[in-house]
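Q: for reference, the sequence and a predicted model appear below.
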Amino acid sequence: MNNNPNAIILISSPDQPGLVAAVTDFINVNGGNIINLEQHVDKQENAFFMRIEWDLTNFIIPREKISDYFQTMYANKYDMTFRLYFNDYTPRMAVFVSKMSHCLFDILARYTAGEWNVEIPLIISNHEDLRWVAEKFGIEYHVLKLNKNNKDEIEARQMALLKEKEIDFIVLARYMQILTDSFIEAYPNKIINIHHSFLPAFVGAKPYHAAFERGVKIIGATSHYVTAELDAGPIIEQDITRISHRDSISDLVHKGQDLEKIVLSHAIEYHLGRRVLVYKNKTILFS
């Protein structure tokens with residue numbers, strides 16, 4: 001636990017004069033010490049965005065009342081939408097996997113190395129293949145096998161596990177199943193996915209083979225929040241690497257999987273750092 005807890009608030013509102021002054025005044029007059037402030041104005045949308053973090057050591061409003069106070073005194077007045085977080089709270093993350101292990105290994109390596117302030121109480125899969133990985137890291141592994149007739153039943157069991165373990169957000173580490181709308185609605189902007197960046201040009205089970213046949217010159221990876229529209233949610237992070245005619249299909253797969261690991265880990269870091277603000281179907285990513 002952090003001995004000097006900070007509060008973080010992410011704000012969006014229609015752009016108007018006095019917003020920065022109002023928010024900073026709220027913190028200053030109540031004894032807070034601002035540590036970090038970043039803002040952005042989207043002129044096309046006439047929208048204002050802010051991330052502000054402050055030290056709670058001498059803050060006179062009890063932390064359990066900050067949200068209500070801010071809503072009443074500021075959010076209502078300026079038509080703000082906001083989310084409040086505290087950096088001494090450790091989020092709880094569930095990982096969903098199928099058979100591919102590269103993203104899972106990367107996540108668990110970073111987790112056990114203490115790179116992230118997060119707990120991973122369980123891993124959920126539709127296959128037995130990666131149970132040994134979970135056991136190696138001492139994490140519960142639940143296999144819930146899906147077929148065309150039991151999707152509702154399996155998702156109900158998944159939801160029960162997530163509730164039991166008090167999961168805050170989910171990472172799909174190459175989980176090769178489509179989630180239902182009702183499942184996604186239960187975790188809005190709290191399900192992070194990773195995929196290669198060939199969509200929609202190279203769909204199907206073997207995108208790297210298709211890309212190889214077309215002689216592509218770059219490959220990439222994209223991490224995004226999951227929405228009801230398949231692979232069309234707000235993008236958190238992306239990256240690319242160049243390839244050439246010298247690269248084989250196995251080279252493409254290897255380079256692509258390296259990118260997937262890095263891009264997914266960055267997306268998780270941004271989410272854990274409360275640096276991602278979703279507006280409509282895009283993200284504002286604070287540094």
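A: Cool, the structure landed. Numbering: from 1, shown residues only.
Q: list the helices and strands the worst-scoring helix or strand of the chain on mean pLDDT packs on?
A: The helix or strand of the chain with the lowest confidence, counting by mean pLDDT, DSSP states H and E, is helix 207-214 at a mean of 82. Helix 207-214 is packed against helix 249-272, with contacts defined by 3 or more CB pairs under 8 Å, 6 or more residues apart in numbering; DSSP states H and E. Where you see a C-beta, it was placed from the backbone N, CA and C, and this is true even at glycine.
Q: and the helix it packs on with helix 207-214, angle?
A: For helix 249-272 against helix 207-214, the angle by axes from the mean of the first three to the mean of the last three CA atoms, to 10 degrees is 130 degrees.
Q: contacts for the host helix or strand of A21?
A: Using DSSP states H and E, A21 sits within helix 19-29. The contact list for helix 19-29, computed with CB atoms under 8 Å, 6 or more residues apart in numbering, reads 9, 11, 13, 34, 37, 39, 48, 50, 52, 54, 59, 70, 73-74, 77-78.
Q: buried residues, the least confident helix or strand of the chain. List them.
A: For helix 207-214, a neighbour-count test (16 or more other CB atoms under 10 Å) marks 207-208, 211-212 as buried.
Q: can you check stretch 113-127 too?
A: In terms of neighbour count (16+ other CB under 10 Å), stretch 113-127 has its buried residues at 116, 118, 120-126.
Q: can you tell me what sits against it?
A: Here stretch 113-127 has contacts from 87, 90-99, 104, 107-108, 110-111, 130-131, 134, 139-146, 158, 161, 165-167, 175-177, 268-269, 272, using CB under 8 Å, 6+ apart.
Q: including distance to V29, could the buried residues of helix 207-214 go into TSV?
A: Below are the buried residues of helix 207-214 laid out as TSV (distance: CB to CB, whole Å):
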residue	distance to V29
P207	55
Y208	57
A211	57
F212	61
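Q: what does the closest residue to D42 other than its chain neighbours show for phi and psi?
A: Among residues not flanking D42 along the chain, F49 sits closest, at 7.3 Å (CB to CB, 6 or more residues apart in numbering). Torsion angles at F49 (phi, psi; degrees, to the nearest 10) stand at phi -130, psi 140.
Q: tell me the secondary structure for V95?
A: Judged by DSSP: H, G, I helix; E, B strand; the rest coil, the three-state class of V95 is strand.
Q: surely it and V171 touch.
A: Yes - V95 lies in contact with V171 (CB atoms under 8 Å); the separation is 5.1 Å.
Q: what touches both of these two?
A: Common neighbours of V95 and V171 (CB under 8 Å, 6+ apart) are I107.
Q: just to revisit the earlier point, which one of the contacts of helix 19-29 sits closest to I218?
A: Comparing the contacts of helix 19-29 against I218 with CB to CB places Q39 closest, at 33.0 Å.
Q: show me what that closest one is bridged to.
A: M50 (DSSP bridges).
Q: list the residues that contact it.
A: Taking CB under 8 Å, 6+ apart, we find Q39 in contact with 20, 48-51.
Q: downstream of the least confident helix or strand of the chain, the next helix or strand is which one?
A: Counting by DSSP H and E, the element after helix 207-214 in chain order, helix or strand, is strand 218-225.
Q: how far away is I218 from M100?
A: Distance from I218 to M100, counting by CB to CB, to the nearest Å: 22 Å.
Q: same check on E237?
A: Distance, E237 to M100, by CB to CB: 19 Å.
Q: between these two, which is the more surrounded one?
A: Neighbours per residue, other CB atoms under 10 Å: of E237 and M100, the larger number sits with E237, 23 against 16.
Q: touching whichever strand or helix holds that one from outside, list them.
A: Following DSSP H and E, one finds E237 within strand 235-242. Residues from elsewhere that reach strand 235-242 (CB under 8 Å, 6+ apart): 192, 197, 217-225, 255, 258-259, 262-264, 266-267, 270-271, 276, 282-283, 285.
Q: in the helix or strand harbouring A156, which residues are buried?
A: Using DSSP H and E, A156 sits in helix 151-164. Across helix 151-164, burial judged by 16+ other CB under 10 Å covers 154-155, 158, 161-162.
Q: which strands and helices lie in contact with whichever helix or strand comes after that helix?
A: Per DSSP H and E, the first helix or strand lying C-terminal to helix 151-164 is strand 169-172. Counting by 3+ CB pairs under 8 Å, 6+ apart, the packing neighbours recorded for strand 169-172 are strand 92-97, strand 191-196, helix 249-272.
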